[in-house]
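[1] show me the folded form of this:
(one chain, ligands or ions: 1)
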Amino acid sequence: MNIRIEKASVLKQKPEAGIELGFGNYFTDHMFIADYEEGKGWHDLRIVPYQPLTLDPSVQVFHYAQEVFEGLKAYKSEDNRTLLFRPDQNAARMKASCARVCLPEVPEDMFVEAVSALVKLEEDWIPKEKGTSLYIRPFVIATDSFLGIRIPKKASFIIILSPVGNYYPEGLNPVKIWVEDEYVRAVRGGTGAAKVGGNYAASLLATKIAHEAGFTQVLWLDGQERKYIEEVGSMNIFFKINGTIIAPALNGTILPGITRKSCLELIRSWGMPVEERRLSLDEVIEAAENGTLEEIWGSGTAAVISPVGMIHCRGKNYTVQDGGIGEVSQKLYDAITGIQQGRMEGPEGWVREL
Ligand code: COI
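    Predicted coordinates for the structure are as follows:
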């Protein structure tokens, strides 16, 4: 695979070591771009200086949200190796997301090679402080200059990089979650399982309401009956009730998270009881009321593992784990970040060294 590299003549000032990076505030010196055209396929793979895009105002992405994206991270190990966490999984998911909205599919090997080449070039940007990493944001947009609604004939696949700290200001401290029972994120047959930008736009109104009420994020219920737990928009969700870990089953409306999958694989390897199944809000409330709701946590690339200390539903607040960090949340956080940062041996194939 031939990737042309045009280096930036002037490099940016990197954020100072120790500064609070937050999430998505800084961008590196270079970006990757490849273009697609019907009949020609993906072509002109290049790494160029980070720069604004010039797009005609009529391009489809601006009008019909023909966009998909991914999120993964690169880490520096203590012995200075550059590591990626399960990039093959993101490649497969992006392919599936593209298929769902009729964008040209990015071949999985092209995805992994493009991510690897860009991260390798920018490895000095990977922050080393605890809880930091280099967030990788690949995305595909439809770039046909055409106002009719149709399957795009032109597209671009772009990757940008951002040194990040915690996604939530709370860090590993528990977040407060608002259970949304009016607005919904996804319906059966919709795009809930695809990582498309429109899903996130549709989530903002409920998120605004949650923020105004002092909650960090929204917990979505199913779109049909508003009865079953789905996900938290920026992360998947897990519950521990009476000794058993429960993850809402992937049913076509929930994003198939890579951290979710990794948590399940670790939990099973530890021999803990775990179920992937439909979980109703009533069951969670009953467990909260009878004292068997032991833990709740979210999982995601950006959020990693985020313990949930309080949920608000139907006008009531329920405190979980006394508002503290639960045992399984902590164990998963330690294992996942340990594997990602090369301190612990993970299952075969989880870490790709560049
Ligand atoms: C991620 O965890 O990578 C996400 O995509 C969540 C959010 C930042 C949109």
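[2] roughly how far apart are the closest residue to the ligand within the chain and A65?
    Closest to the ligand within the chain is G71: 2.2 Å, counting by Cβ to the nearest ligand atom. Every residue, glycine included, has its C-beta placed from N, CA and C. According to Cβ to Cβ, to the nearest Å, G71 and A65 sit 18 Å apart.
[3] equivalent analysis for K227, please.
    Distance, K227 to A65, using Cβ to Cβ: 28 Å.
[4] quick check: residues of the stretch 251-354 of the chain near the ligand?
    Counting by Cβ under 6 Å from any ligand atom, the stretch 251-354 of the chain comes close to the ligand at G300, T301, A302.
[5] can you lay out those as a markdown table showing pLDDT, secondary structure and neighbour count?
    As requested, these are exported to a markdown table (pLDDT from 0 to 100; DSSP: H, G, I helix; E, B strand; the rest coil; neighbours: other Cβ atoms under 10 Å):
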| residue | pLDDT | secondary structure | neighbour count |
| --- | --- | --- | --- |
| G300 | 95 | strand | 22 |
| T301 | 93 | coil | 22 |
| A302 | 88 | coil | 20 |
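[6] CSV for these, including distance to I209?
    Converted to CSV, those look like this (distance: Cβ to Cβ, whole Å):
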residue, distance to I209
G300, 21
T301, 25
A302, 22
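[7] which one of those is nearest to S156?
    Nearest to S156 among those: T301, at 22.2 Å, using Cβ to Cβ.
[8] the closest one: what's it in contact with?
    G71, L72, K73, Y135, G257, I258, T259 (Cβ atoms under 8 Å, 6 or more residues apart in numbering).
[9] out of these, what pair is the most spread apart?
    Top of the distance list for the contacts of T301 (Cβ to Cβ): Y135 and G257, 15.3 Å.
[10] quick check: I141 touching F69?
    No - counting by Cβ atoms under 8 Å, F69 is not a contact partner of I141; they are 9.3 Å apart.
[11] those two: which has the busier surroundings?
    Per other Cβ atoms under 10 Å, whichever of I141 and F69 has more neighbours is I141, with 23 against 16.
[12] got the contact list for the more buried one?
    V59, V61, Q66, E67, A155, S156, I158.
[13] so what sits opposite the first one in the bridge?
    On DSSP bridges, the residues paired with V59 through beta bridges are S145.
[14] report the separation between the closest residue to S269 other than its chain neighbours and P49.
    With sequence-adjacent residues excluded and distances taken as Cβ to Cβ, 6 or more residues apart in numbering, S269 is closest to P347, at 7.5 Å. Counting by Cβ to Cβ, the separation of P347 from P49 is 38 Å.
[15] no further questions, thank you.
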